[in-house]
Structures are given as C-alpha cells and as structure tokens.
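In: okay, predicted coordinates and the sequence, questions at the end:
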Amino acid sequence: MVLLSNDSVNSKWVKLELSYALNHSQYDNHIIPVTIEACEYEELSWTLGVFQMVDMTNNIEEGFSAILRSWGVGFDIGKMS
C-alpha cells in the first residue's frame, strides 16, 4: 500500500520504496495506491495511474471497503450498525 499525500509524493524514501517494489516481481499485483489527500501522485511515479487506486479523501469507509475488496476480503459497512 502506498499512501499518497503531498508529503509522500515529495518524499525521497517513498520514491525509493516504490521504485524497489515496481522493479521486483514479488510485488506484482500487490501495490495499492491509496489517496489520503489530494495530490499530484504522478510526480511520485507516472506508473501509479495504471493501478487500481483507492480514494480515501471523500469517504473513508468506502476507501477501507475498497482496500479489503482488493485483498479479497468482503466487507459491508452497512452491517456494522
């Protein structure tokens, strides 16, 4: 999971870690970009646009549900009440 914010997009460490993951096949289909604030994520890597992104900036519950679905875990926020 890559949490995307203005700070992470400008972090050399996040850039290095993402680059490492993109270049090692063991991480194929395991990278999930998660937007936690509006940012220019293409500045971190143009390749992020090809992944299924999770947007948590508008509705955090839907964001968590999307992350769990990407891991193959069913989750219905409506059943939490």
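Out: Received the coordinates, thanks.

In: can you tell me how far residue 17 is from residue 69?
Out: Distance from residue 17 to residue 69, counting by Cβ to Cβ, to the nearest Å: 24 Å. C-beta: built from backbone N, CA, C; applies to glycine.

In: equivalent analysis for residue 12, please.
Out: From residue 12 to residue 69 the distance is 32 Å (Cβ to Cβ).

In: between those two, point out the one with more neighbours.
Out: Higher neighbour count among residue 12 and residue 69: residue 69, with 13 against 7, using other Cβ atoms under 10 Å.

In: how about low-confidence regions in this protein?
Out: Per-residue confidence for the chain (pLDDT under 70) gives these ranges: 74-81.

In: would you list every one of the helices in it?
Out: Applying DSSP state H to the chain gives helices spanning 6-9, 12-22, 60-70.

In: buried deepest among those, which one?
Out: Sort those by mean neighbour count, taking mean count of other Cβ atoms under 10 Å, and helix 6-9 sits at the top with a mean of 16.

In: gap between that one and the chain center?
Out: 13 Å (Cα atoms, centre = their mean, to the nearest Å).
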